[in-house]
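Enquirer: Provided below are the primary sequence and the corresponding predicted coordinates.
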Amino acid sequence: MPVLLFAQTKTVGHSGATSDSIQTTLEYHVINGDTLYVDDMDLEEVVLLGKLKFKDKLARRKYLILRRKTRKVYPYAKLAAERL
């Protein structure tokens, strides 16, 4: 259930006239009581797979090497995403 909020403020200029301006736009989702703010960068949905079956030992070995490398670089990718 996405929600979009607009905050408006009235500012008084030097001449005493007021003007409306939009100060902040926040968009967030509420899931099970948790509020998650939507950033400019959305990540795609991750699909978890069950037990994998391989054709041969070489395919299984390549998968295990890829999984190990992915687990090593994941913390750095997460840090880079936060800094962006």
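Expert: Right, received. Where do you want to start?
Enquirer: so where does V30 fall, helix or strand?
Expert: strand 18-31 (DSSP states H and E).
Enquirer: after that strand comes which helix or strand?
Expert: Going down the chain from strand 18-31, the next helix or strand is strand 34-37, by DSSP H and E.
Enquirer: quick check: which helices or strands does the helix or strand just after that following strand pack against?
Expert: Next helix or strand after strand 34-37 toward the C-terminus (DSSP H and E): helix 57-83. If you count contacts as 3 or more Cβ pairs under 8 Å, 6 or more residues apart in numbering; DSSP states H and E, helix 57-83 packs onto no helix or strand. Bear in mind the C-beta positions are built from the backbone N, C-alpha and C, glycine included.
Enquirer: average pLDDT for stretch 47-59?
Expert: In this model, stretch 47-59 has an average pLDDT of 92.
Enquirer: hey, C-alpha coordinates of it in PDB?
Expert: Taking Å, rounded to 0.1, in the frame of the first residue of the first chain, the C-alpha atoms of stretch 47-59 are listed here in PDB:
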ATOM      1  CA  VAL A  47      13.800 -15.300  -6.100                       C
ATOM      2  CA  LEU A  48      14.900 -18.000  -3.700                       C
ATOM      3  CA  LEU A  49      15.400 -21.400  -5.300                       C
ATOM      4  CA  GLY A  50      15.000 -24.800  -3.800                       C
ATOM      5  CA  LYS A  51      17.700 -27.500  -3.900                       C
ATOM      6  CA  LEU A  52      19.500 -27.300  -7.200                       C
ATOM      7  CA  LYS A  53      20.200 -30.300  -9.500                       C
ATOM      8  CA  PHE A  54      23.300 -30.300 -11.700                       C
ATOM      9  CA  LYS A  55      24.100 -32.100 -14.900                       C
ATOM     10  CA  ASP A  56      27.600 -33.100 -13.900                       C
ATOM     11  CA  LYS A  57      30.300 -32.300 -11.300                       C
ATOM     12  CA  LEU A  58      31.800 -29.500 -13.400                       C
ATOM     13  CA  ALA A  59      28.500 -27.600 -13.400                       C
END
